[in-house]
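*Asks:* what follows is a predicted protein model with its sequence.
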Protein chains: 2
Amino acid sequence: MASTDPHDLVRQALAGDRRSLARAITRVELRDPGVAASVAAARVRRREGPGAPHVVGITGPPGAGKSTLVDRLIGHALDAGQRAAVVAVDPSSPFSGGAILGDRVRMERHTGDDRVYIRSLSSRGHLGGLSSATSEVVDLLDAAGFDLVLVETVGVGQSELGVMEVADTVIVVLTPESGDAVQAMKAGLMEIADLFVVNKADRPGAEALVRELRRSVELDEGSSWKAVVRAVSAAEGRGVDEAFRDAAAHLAWCLGDGRGAWERRRGDARVRLYLDLVAEDARAGAAARLDADLDAAIRAGRISPHDAARGGR
Amino acid sequence: MASTDPHDLVRQALAGDRRSLARAITRVELRDPGVAASVAAARVRRREGPGAPHVVGITGPPGAGKSTLVDRLIGHALDAGQRAAVVAVDPSSPFSGGAILGDRVRMERHTGDDRVYIRSLSSRGHLGGLSSATSEVVDLLDAAGFDLVLVETVGVGQSELGVMEVADTVIVVLTPESGDAVQAMKAGLMEIADLFVVNKADRPGAEALVRELRRSVELDEGSSWKAVVRAVSAAEGRGVDEAFRDAAAHLAWCLGDGRGAWERRRGDARVRLYLDLVAEDARAGAAARLDADLDAAIRAGRISPHDAARGGR
């Protein structure tokens, strides 16, 4: 039976009990500090380098076929004798708090498999917490012994790009139809993508998109790794072998020549996570201290949000 | 000449000097507390109710035609003898900090007009600050005497929905092609939309989308205002009159039967802004206090981000 004590819960999760793993992740979502501390205390297989596990981020606009690609990559990992986990980060509405689970259905063929763990993670109404919760869940899955952790986002907004910081290798999935989304986020995508997958490659415009991306990659002077652009048809399985090999090649680079770049990225992500946690703690503290009088005064405009924030310092 | 003193700058901006207005907004983006305080101190036309000015939020996936609609709505406002401002909130990459200004070009026919003010606002690499900066800029434009303030976002992610909290009336612009984006964000869109504009209404699938949205609106029990679903072809100007009237009807509702609902929304937004500001202040403080030793320890993993955050309390 799954324990309610965070330390026992984490111990059981790491020992392979899936129900305990699910509960521990829920605790992370709800920002239970005990679980994070227990994961840290366990120090089993702490992520000190790239590839243990290989954390692959998958982002791109809605409808690009990310879930289909994830499904294919899981199949590849299983064929290679690996255990794979998927963290699907859902940009739930900050208003309703509801998570979108539709895409999960497409991965159902793996849900009965003990070597695969699939989990949705919602932000529970709070933007900043999404990256930090994802990072903690990846630590937990690492400690639980998965070889491949796929972090998939719905959409390609700012918060989704932030979530990608946790990954060793970032795959940006696009289709010929995603032209406008690409334009809108181009600078951000160029900066995070290690591999561009142009999915639905049989559709008109795919070749032009591949060419455009390759040109942009060539022009990008900032990075020592030149992003690979790969035409794929995930639904039919075409190009997926190659994409899997591309991701493995990027991991090999992280372990070799790219080790310094990987460590800088990891360091930046850790510092950002520290600042996120400080901000979250302050928000949670202020929310807990918000009494009825102050709440009413802010709502009625008797005190401005700025003055209230200054007063709370 | 534009002053560098925040109080003088705001005074000149409110007196109609556009260069001072532009500089004051830049100061808000850079989180200069002096400007916010000066706007508050000026207390000219402080927004105590809906419609003074009418703040209309416009969101939707990239490529839906938001800028074209904004351009049309500006034209309508001018015909009605109003002064109009546009705040285009760009989800700049958290990595590069670059803003996307391409869409602005489409509004250029109004840029020479003294009754129109168009401004892009980027998040400068920080998610949480986007809503609060937008809210302050709207206060500034309010004080500067604009009758209509259009707040447009690029994309329809979580942060974009948060920005919409500042609006009296929220227009969600969709096209027949935006099906997947709609599915992904459906709960959030339903909760914020006062008016759905189905743009490019001559394309296949537009009628089906209109029907689906109307059905969803009917099923939505939570709101006392039933969102209007309007088929529009912004490029040809068809349906734009109607959309303008729909927005005016929603404002009339806010001033009448919907006053209580408007006040709750405004109150929620103010409390959220207060919590955002507390979180931002804490983050900025921690970043300022982050010395080389702590930075190196976090990067190297000698101290976990969680322990560092706990230590800073």
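*Replies:* Nice, thanks for sending it over.
*Asks:* C-alpha from now on. contacts and neighbour counts both.
*Replies:* OK.
*Asks:* so how far is stretch A:248-262 off the chain centroid?
*Replies:* The chain centroid and the centroid of stretch A:248-262 are separated by 19 Å under Cα atoms, centre = their mean, to the nearest Å.
*Asks:* same deal with stretch A:193-205?
*Replies:* Using Cα atoms, centre = their mean, the offset of stretch A:193-205 from its chain centre is 20 Å.
*Asks:* which of the residues in it are classified as buried?
*Replies:* A:Ala193, A:Asp194, A:Leu195, A:Phe196, A:Val197, A:Val198, A:Asn199, A:Lys200, A:Ala201 (16 or more other Cα atoms under 10 Å in any protein chain shown).
*Asks:* next one: stretch A:221-231
*Replies:* For stretch A:221-231, the neighbour count (16+ other Cα under 10 Å) marks A:Trp225, A:Lys226, A:Ala227, A:Val228, A:Val229, A:Arg230, A:Ala231 as buried.
*Asks:* mind saving the C-alpha coords of it as CSV?
*Replies:* Extracted in CSV, the C-alpha atoms of stretch A:221-231 (Å, rounded to 0.1, in the frame of the first residue of the first chain):
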residue,chain,number,x,y,z
GLU,A,221,26.7,31.5,-34.8
GLY,A,222,25.9,31.3,-31.1
SER,A,223,26.0,27.5,-30.6
SER,A,224,28.7,24.9,-30.9
TRP,A,225,26.1,22.2,-31.7
LYS,A,226,24.5,22.8,-35.1
ALA,A,227,20.9,21.7,-34.8
VAL,A,228,19.9,18.8,-37.1
VAL,A,229,16.8,19.2,-39.3
ARG,A,230,15.1,15.9,-40.0
ALA,A,231,12.0,15.3,-42.2
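*Asks:* who's in contact with that stretch?
*Replies:* A:193-199, A:201, A:206, A:210, A:213-214, A:217-218, A:239, A:242-243, A:246, A:258, A:261 (Cα atoms under 8 Å, 6 or more residues apart in numbering or on different chains).
*Asks:* keep only those of those residues that are in helices.
*Replies:* Per DSSP state H, helices hold the following members of these: A:Ala206, A:Val210, A:Leu213, A:Arg214, A:Val217, A:Glu218, A:Glu242, A:Ala243, A:Asp246, A:Ala261.
*Asks:* quick one on the thing from earlier: now flag whichever of the buried residues of stretch A:193-205 is closest to B:Glu29.
*Replies:* Nearest to B:Glu29, judged by Cα to Cα, of the buried residues of stretch A:193-205 is A:Ala193 at 27.9 Å.
*Asks:* right, and the closest one touches A:Leu174 too?
*Replies:* No: in this structure A:Ala193 lies outside contact range of A:Leu174 using Cα atoms under 8 Å: 11.4 Å.
*Asks:* neighbours around the residue of the stretch 101-250 of chain A found nearest chain B, how many?
*Replies:* With Cα to the nearest Cα, the shortest gap between the stretch 101-250 of chain A and chain B falls at A:Gly188, namely 4.6 Å. By other Cα atoms under 10 Å in any protein chain shown, 22 other residues sit near A:Gly188.
*Asks:* go ahead and name everything in contact with stretch A:130-141.
*Replies:* A:14, A:25, A:28-29, A:31, A:36, A:39, A:46-47, A:85, A:87, A:89, A:121-123, A:149, A:159, A:162-163, A:165-166, A:273, A:276-277.
*Asks:* for chain A, what spans make up the helices?
*Replies:* A:6-14, A:18-29, A:33-42, A:66-79, A:129-143, A:158-163, A:179-192, A:206-219, A:240-255, A:259-289, A:292-300, A:305-311.
*Asks:* show the contacting residues for A:Asp202.
*Replies:* So A:Asp202 contacts A:Ser233 (Cα under 8 Å, 6+ apart).
*Asks:* returning to what we had before: right, and the helices of chain A - which one's nearest B:Ser178?
*Replies:* So among the helices of chain A, helix A:179-192 is nearest, using Cα to Cα, at 11.0 Å.
*Asks:* wait, the residue of the stretch 101-250 of chain A closest to chain B sits on A:Gly162?
*Replies:* No: judged on Cα under 8 Å, A:Gly188 makes no contact with A:Gly162 at a distance of 10.0 Å.
*Asks:* so where's the stretch 201-313 of chain A shaky on pLDDT?
*Replies:* A:222, A:312-313 (pLDDT under 70).
*Asks:* for chain B, what are the nearby residues on it?
*Replies:* Within the stretch 201-313 of chain A, the positions near chain B by Cα under 8 Å from any Cα of the partner chain are A:264, A:266-268, A:270-271, A:273-283, A:286-287, A:295, A:298-300, A:304-306, A:308-310, A:312.
*Asks:* separate out the buried members of those.
*Replies:* By 16+ other Cα under 10 Å, those give A:266-268, A:270-271, A:273-283, A:286-287, A:295, A:298-300, A:304-306, A:308-309 as buried.
*Asks:* nearest residue to A:Glu280 other than its sequence neighbours?
*Replies:* Nearest residue to A:Glu280 in three dimensions, chain neighbours excluded: B:Ala279, at 6.3 Å (Cα to Cα, 6 or more residues apart in numbering or on different chains).
*Asks:* ok, that neighbour touching A:Leu275?
*Replies:* No: between B:Ala279 and A:Leu275 there is no contact under Cα under 8 Å: 9.9 Å.
*Asks:* quick one: A:Val240 and A:Ala234 touch, right?
*Replies:* Yes: using Cα under 8 Å, A:Val240 is in contact with A:Ala234, at 6.4 Å.
*Asks:* need the residues touching each of the two.
*Replies:* Common neighbours of A:Val240 and A:Ala234, counting by Cα under 8 Å, 6+ apart, are A:Leu69, A:Arg72.
*Asks:* how many residues are close by A:Leu121?
*Replies:* For A:Leu121, the neighbour count with other Cα under 10 Å is 25.
*Asks:* ok so, going back, of the buried residues of stretch A:193-205, which belong to strands?
*Replies:* A:Leu195, A:Phe196, A:Val197, A:Val198 (DSSP state E).
*Asks:* from those, which two are the most distant?
*Replies:* So, these by Cα to Cα: farthest apart are A:Leu195 and A:Val198, at 9.6 Å.
*Asks:* what's the residue nearest to A:Glu207 when sequence neighbours are not counted sitting at in phi/psi?
*Replies:* With sequence-adjacent residues excluded and distances taken as Cα to Cα, 6+ apart, A:Glu207 is closest to A:Ala201, at 7.5 Å. Dihedral angles phi and psi of A:Ala201 (degrees, to the nearest 10) take the values phi -70, psi -10.
*Asks:* just tell me which of the helices of chain A ends up closest to A:Tyr117.
*Replies:* The nearest among the helices of chain A, by Cα to Cα, is helix A:18-29 at 8.3 Å.
*Asks:* for the closest one, buried residues please.
*Replies:* Within helix A:18-29, judged by 16+ other Cα under 10 Å, the buried ones are A:Arg18, A:Ser20, A:Leu21, A:Ala22, A:Arg23, A:Ala24, A:Ile25, A:Thr26, A:Arg27, A:Val28, A:Glu29.
*Asks:* chain center to it: distance?
*Replies:* The answer for helix A:18-29 is 17 Å, by Cα atoms, centre = their mean.
*Asks:* check stretch A:246-259 too.
*Replies:* On Cα atoms, centre = their mean, the centre of stretch A:246-259 falls 19 Å from the chain's centre.
*Asks:* tell me which residues in that stretch are buried?
*Replies:* By neighbour count on 16+ other Cα under 10 Å, the buried set for stretch A:246-259 is A:Asp246, A:Ala247, A:Ala248, A:His250, A:Leu251, A:Trp253, A:Cys254, A:Gly258, A:Arg259.
*Asks:* residues touching that stretch, excluding its own?
*Replies:* A:49-51, A:54, A:56, A:168-169, A:194-195, A:224-225, A:228, A:261-262.
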